[in-house]
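Chemist: Fold the following, please.
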Amino acid sequence: MAKYIAEIQDASGNTVYPATQWGAITNPPTLPNMGDYYNKTEVDAKFNNLSGGGSWQTSGITLGAGVKWYSTETVSVGCFKVIDFGGGWQLVMIHGAVTGITAAGTVMINLPKSIAPDMQYRYTGPATGQKQNRMLLDTNGNVVTENTSTGQYEAADWFPFDTMYLRKG
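Modeler: Predicted structure coming up:
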């Protein structure tokens, strides 16, 4: 089979080489061994223990105005867990459920500044009945409700806020 490496010109006149095989790349870079960046055994052990006996913490989490924990059961009271991967990277997991949300834009909870994310995250989760709730986790550590699928908020509705994110610690 003949080999052909296509050259394409972009709008600025630059030459672009589409490639589907590594061998078609002219002067390819040398890829480093990933072992140079992390200890695979150590990282695997941390990922394998994400739900294991660890340090779920509640200190530092505060509720927004008028917001209450869905119940006093451990599964509802807000908590977080931080897994430090070294090099300044952390995986933060948060968990809990609240009630008392009556409008979009309500701060559900506030996390400690020490674990606030470096960027904003939006995510969805279930709410009472068939509702879905979109939330914003901002760089101040606020989890804020943005909208429900029905557009209606009732004080008795429950809103879980289970998510995880990476941050540069």
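
Chemist: all helices of the protein, in order?
Modeler: Using DSSP state H, the helices of the chain run over 40-48.

Chemist: so who does residue 123 touch?
Modeler: The neighbours of residue 123, taking C-beta atoms under 8 Å, 6 or more residues apart in numbering as the test, are 134, 135, 137, 163. All C-beta spots, glycine's among them, are computed from the backbone N, C-alpha and C.

Chemist: got the contact list for the second one?
Modeler: Think residue 135. With C-beta under 8 Å, 6+ apart as the criterion, the residues that contact residue 135 are 108, 122, 123, 124, 125, 143, 144, 145, 146, 159, 161.

Chemist: The fifth one against residue 162, yeah?
Modeler: Yes. Applying C-beta atoms under 8 Å as the test, residue 125 and residue 162 come out as touching, 6.5 Å apart.

Chemist: which of those two has more neighbours?
Modeler: Legend: neighbour count by other C-beta atoms under 10 Å for residue 125 and residue 162, higher for residue 125 (15 against 12).

Chemist: just checking, residue 61 touches residue 107?
Modeler: No. Counting by C-beta under 8 Å, residue 61 sits too far from residue 107 to count as a contact (11.8 Å).

Chemist: looking at the chain, which helix or strand does the model trust least?
Modeler: Of the helices and strands making up the chain, the lowest-confidence element is helix 40-48, at a mean of 67, by mean pLDDT, DSSP states H and E.

Chemist: show me where pLDDT drops low in this structure?
Modeler: When the per-residue scores of the chain are filtered using pLDDT under 70, the ranges that remain are 1-6, 17-40, 43-44, 46-54.

Chemist: Do me a favour and get the end-to-end distance for stretch 77-90?
Modeler: For stretch 77-90, the separation between the terminal residues is 22 Å (C-alpha to C-alpha, to the nearest Å).

Chemist: List the buried residues in it.
Modeler: Neighbour-count burial for stretch 77-90, counted by 16 or more other C-beta atoms under 10 Å, picks out 77, 78, 79, 80, 81, 82, 83, 90.

Chemist: Out of those residues, which sit inside strands?
Modeler: 79, 80, 81, 82, 83, 90 (DSSP state E).

Chemist: Can you tell me how far residue 129 is from residue 94?
Modeler: When distances are taken as C-beta to C-beta, to the nearest Å, residue 129 and residue 94 turn out to be 23 Å apart.
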